[in-house]
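K.L.:
What shape does this take:
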Amino acid sequence: MTLRDALEERGRWLFRHRSHLPLLLTPVFLTALADSPGAPSGRMADWLWAAASLAIAFGGLAVRAATVGFVPAKTSGRNTAGQVAAELNTTGMYSILRHPLYLGNVIAMTGVTLFFRRWWLVAIVLLAFGMYYERIMLAEEAFLRERFGHAFEAWAARVPAIIPNLRLWRAPALPFSWRAVIRREYHGVAAIFAALAGLQGLSDVAVQRRLVLDPLAMSYAAAGGLVFISCRVLSKHTTVLRVQGR
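P.N.:
Numbering: from 1, shown residues only. As a prediction, the model looks like this:
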């Protein structure tokens, strides 16, 4: 097996398990919590820092929304069993970079990581995600090359992998659909709120050495729960979020 084949094989394995593999970084995050408090101090400073972190995290979700809101069904999905691509997306976000969803994920994770106010933690997380996604992208591109041949080669030769080139922008082939975005992305919104709620709670325990009912953590938890339950019900038990061909 060549080195490229080995990397692609590892990428396929990582793709199948990509939903829960980031949990392997939990010990690193717990170490950051045990570290001394960062620069901001006081309730107002904590809220402002949390708001900035949350804004960056949701900036990552905005990149994902700008991607999935324009794509057809059976593309850019959250499937883990295997690669799926009914057609090759080359317009919209896919006209300026080949892997916009992973860029969105990295931005979102950066926002969550900044919550800790530890630059060494941000560096470790970005390095880990860089190695992780590099192999997944190799596997995905091998699949697309085999499925779409010359069309993929021409697109890949023109469009960068992960750093956007805005000069290449081409208007999306389909109109934007908020319903498609909500149906596909509510898990990510709920996950960010859940992560911030848990991290805020653990941070309070680390600092005060006891469990406290932190208003900020409770707000995150309530928002995440509301998003998940309402969108889950709409997605699974109604037709409100269904869009023809999406």
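
K.L.:
thought residue 52 was touching residue 114?
P.N.:
Yes - using CB atoms under 8 Å, residue 52 is in contact with residue 114, at 7.4 Å. In short, each C-beta sits where N, CA and C put it, glycine included.

K.L.:
okay, those two: which has more neighbours?
P.N.:
Using other CB atoms under 10 Å, the more surrounded residue of residue 52 and residue 114 is residue 114, with 21 against 14.

K.L.:
contacting residues for the residue positioned nearest the centre of the chain?
P.N.:
For the chain, the residue nearest the mean C-alpha position is residue 105 (2.5 Å; CA atoms, centre = their mean). Shown in contact with residue 105 (CB atoms under 8 Å, 6 or more residues apart in numbering): 60, 64, 129, 133.

K.L.:
Narrow these to those in helices?
P.N.:
Residues of the contacts of residue 105 located in helices (DSSP state H): 60, 64, 129, 133.

K.L.:
pLDDT, neighbour count and distance to residue 236 for those residues - can I get that in a markdown table?
P.N.:
As requested, these are exported to a markdown table (pLDDT from 0 to 100; neighbours: other CB atoms under 10 Å; distance: CB to CB, whole Å):
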| residue | pLDDT | neighbour count | distance to residue 236 |
| --- | --- | --- | --- |
| 60 | 95 | 22 | 25 |
| 64 | 94 | 23 | 21 |
| 129 | 88 | 18 | 30 |
| 133 | 90 | 22 | 29 |
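
K.L.:
Pick out whichever of these sits closest to residue 11.
P.N.:
residue 133 (9.1 Å; CB to CB).

K.L.:
List the contacts of the residue lying closest to the closest one once chain neighbours are set aside.
P.N.:
Closest residue to residue 133 apart from its sequence neighbours, by CB to CB, 6 or more residues apart in numbering: residue 102 at 4.9 Å. By CB under 8 Å, 6+ apart, the residues touching residue 102 are 133, 136, 137, 162.

K.L.:
Which one of the ones in helices among the contacts of residue 105 is nearest to residue 13?
P.N.:
residue 133 (13.6 Å).

K.L.:
how about the nearest residue to residue 90 once chain neighbours are set aside, what does it touch?
P.N.:
Take residue 90 and drop its neighbours on the chain: the residue closest to it by CB to CB, 6+ apart is residue 155, 5.1 Å away. Shown in contact with residue 155 (CB under 8 Å, 6+ apart): 88, 90, 98.

K.L.:
From the residues you listed, which land in strands?
P.N.:
Members of the contacts of residue 155 lying in strands (criterion: DSSP state E): none.
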